[in-house]
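Q: From the sequence below, what's the structure:
(chains A and B)
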Number of protein chains: 2
Amino acid sequence: MRGILFVVSGPSGAGKGTVCRALTERLPSIHLSVSATTRPARSGEIDQVHYYFISRTDFQERIARLEMLEWADVYGDYYGTPREPVDRILDQGRDVILEIDVQGALQVRGRMPEAVLLFLSPPSFAELERRLRNRGTDTEEKIEKRLNWAHRELNSFPSYDYVVINDRVEAAVEKILAVMVAERCRTKRFQLMDLNPNS
Amino acid sequence: MRGILFVVSGPSGAGKGTVCRALTERLPSIHLSVSATTRPARSGEIDQVHYYFISRTDFQERIARLEMLEWADVYGDYYGTPREPVDRILDQGRDVILEIDVQGALQVRGRMPEAVLLFLSPPSFAELERRLRNRGTDTEEKIEKRLNWAHRELNSFPSYDYVVINDRVEAAVEKILAVMVAERCRTKRFQLMDLNPNS
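A: Numbers count the residues shown, from 1 in each chain, chains lettered A, B, ... in the order given. From the prediction side, this is the model:
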């Protein structure tokens, strides 16, 4: 049985990174897809672990060769997911988690309709603002840009399959784990011969 | 938010009763709907706890008044679910579990399209036969009838939302609990104002 691609997405500040790290600790067998980006590595980030840090030219060539499952130009930097490693792991029967932004998730919906899309939402807009400001890595101008963008991104949730409110990380992880179990039970994943080999 | 009606159904011998009892032990807040039937009480069965044991005339009048969410004539006895108590508990925001046969589940699909249908399947047809024979409450003729019927009922699973293979009761219960959490996260249960009260 092929693996399932679970896309964990949502506005900047929803807590995607924290939730996905906690998820992989709870479920070590899951494969967390590594994105490619053209932005410079932040302090502590390791190439091929946190991102594939590649050049703009390299990224643009991959787009042209349709080797990107999704990609976006975010504040002047490219982010994207190479498709080949995802397909390879799904074919092995393992599930894959993609942690990506809203634009990326909507592209995956089009390019892999069987993917399961989860919208990770902050409990409130005020809490999202608090989280973005507490990061301390961005300028005020970038924070304002992110807030405006997040506001618009909240309107995209109807394109997703599930909404997970991230009020507490552990509770959000429990919900995502439940979705992963439930999706494996969806009727469309069964053939009659699975239930009744004599028929 | 209105409660969700979860229908746990499947062929006779799939283990619906055992699984639903284990489910209510794990989740005491869930309401397990009580069916009405015209068949005589078996040893140990208590009126209004295991079933509402009512007369054929009473049952037929309820059908005529459209007070049955589903009903069936099974081997000459009526079984069915009065609709009013289910609606009342859902309106209180509590979830309801209906443990019913395949005919009943397909009627609920038509009469309450928002219900979530789970098909509980035996791990194999041989195991289903073993379970039916080990019950020791039925005649050979009745067992044969049930086996033929179960064989046909396995073909109904595509009308359900989920398939839960009941190989181990605890594993089946875990899957149903996961479906209950996941269904609460389905996008269709959210409004934009839930996520962004300022919009």
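Q: In chain A, where is pLDDT below threshold?
A: Low-confidence segments of chain A (pLDDT under 70): A:192-193, A:196-199.
Q: Contact residues of it facing chain B?
A: With C-beta under 8 Å from any C-beta of the partner chain as the criterion, chain A meets chain B at residues A:118-119, A:121, A:124-125, A:151, A:154-155, A:157-158, A:160-165, A:174-175, A:177-183, A:185-187, A:189-190, A:192, A:194-199. (C-beta placed from N, C-alpha, C; glycine too.)
Q: Got a quick PyMOL command for the buried subset of those residues?
A: Burial among those is assessed by 16 or more other C-beta atoms under 10 Å in any protein chain shown; the matching PyMOL selection reads:
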select buried, chain A and resi 118+119+121+125+154+157+160+161+162+163+164+165+174+175+177+178+179+180+181+182+183+185+186+190+195+196
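Q: Next step: the residues of chain A next to chain B restricted to strands.
A: A:118, A:119, A:121, A:162, A:163, A:164, A:165 (DSSP state E).
Q: Enumerate the beta-bridge partners assigned to the fifth one.
A: Bridge pairing for residue A:163 (DSSP bridges) gives the partners residue A:119.
Q: That one contacts residue B:187, correct?
A: Yes. Taking contacts as C-beta atoms under 8 Å, residue A:163 lies within contact range of residue B:187: 5.5 Å.
Q: Need the residues touching each of the two.
A: A:119, A:157 (C-beta atoms under 8 Å, 6 or more residues apart in numbering or on different chains).
Q: what's the helix or strand for the nearest residue to residue A:83 once chain neighbours are set aside?
A: Spatial nearest neighbour of residue A:83, chain neighbours left out: residue A:69 (4.2 Å); criterion: C-beta to C-beta, 6 or more residues apart in numbering or on different chains. According to DSSP states H and E, residue A:69 maps onto strand A:68-74.
Q: That strand pairs with which strands, and in what direction?
A: Per DSSP bridges, strand A:68-74 is paired in its sheet with strand A:77-82 (antiparallel).
Q: Quick one: residues in contact with the strand it pairs with.
A: A:33, A:35-39, A:52, A:56, A:59-60, A:62-63, A:67-72, A:98, A:100-101, A:104, A:108.
Q: Can you show me the helices along chain A?
A: Using DSSP state H, the helices of chain A run over residues A:16-26, A:56-64, A:83-91, A:102-111, A:125-135, A:140-153, A:169-184, A:192-195.
Q: partner residues bridging the most centrally placed residue in chain A?
A: Nearest residue to the geometric centre of chain A (C-alpha atoms, centre = their mean): residue A:99, 2.2 Å. Beta-bridge partners recorded for residue A:99 (DSSP bridges): residue A:8.
Q: How much space separates residue A:171 from chain B?
A: For residue A:171, the distance to chain B (C-beta to the nearest C-beta, to the nearest Å) stands at 10 Å.
Q: before we move on, what about residue A:39?
A: Separation of residue A:39 from chain B (C-beta to the nearest C-beta): 28 Å.
Q: What about that residue, how many residues nearby?
A: Counted with other C-beta atoms under 10 Å in any protein chain shown, residues neighbouring residue A:39 total 14.
Q: who's in contact with it?
A: Shown in contact with residue A:39 (C-beta under 8 Å, 6+ apart): A:53, A:77, A:78, A:79.
Q: which residue sits closest to the last one in space, ignoring its chain neighbours?
A: It stands for residue A:79. Spatial nearest neighbour of residue A:79, chain neighbours left out: residue A:37 (4.8 Å); criterion: C-beta to C-beta, 6+ apart.
Q: Touching, that neighbour and residue A:52? I think so.
A: Yes. Using C-beta under 8 Å, residue A:37 is in contact with residue A:52, at 7.3 Å.
Q: Now do the buried residues in the strand holding residue A:69.
A: Neighbour counts using 16+ other C-beta under 10 Å place A:68, A:69, A:70, A:71, A:72, A:74 of strand A:68-74 among the buried residues.
Q: Could you export that strand as PDB, CA atoms only?
A: Output in PDB follows, covering the C-alpha atoms of strand A:68-74 (Å, rounded to 0.1, in the frame of the first residue of the first chain):
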ATOM      1  CA  MET A  68       9.400  20.900  -7.900                       C
ATOM      2  CA  LEU A  69       6.200  19.500  -6.200                       C
ATOM      3  CA  GLU A  70       5.600  23.100  -5.000                       C
ATOM      4  CA  TRP A  71       7.600  26.300  -4.900                       C
ATOM      5  CA  ALA A  72       7.100  29.900  -4.000                       C
ATOM      6  CA  ASP A  73       8.900  33.200  -4.000                       C
ATOM      7  CA  VAL A  74       8.500  34.300  -0.400                       C
END
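Q: what angle do it and helix A:102-111 make?
A: 150 degrees (axes from the mean of the first three to the mean of the last three C-alpha atoms, to 10 degrees).
Q: how far does strand A:68-74 sit from the chain's center?
A: 12 Å (C-alpha atoms, centre = their mean, to the nearest Å).
Q: what residues does it touch?
A: Strand A:68-74 has contacts (C-beta under 8 Å, 6+ apart) with A:36, A:59, A:62-63, A:78-83, A:86, A:98, A:100-101, A:103-105, A:107-108, A:111-112.
Q: Could you do stretch A:169-177 as well?
A: Here stretch A:169-177 has contacts from A:6, A:8, A:15, A:18-19, A:22-23, A:26-27, A:118, A:120, A:164-166, B:178, B:181-182, B:185, using C-beta under 8 Å, 6+ apart.
Q: Many thanks, I have nothing further to ask.
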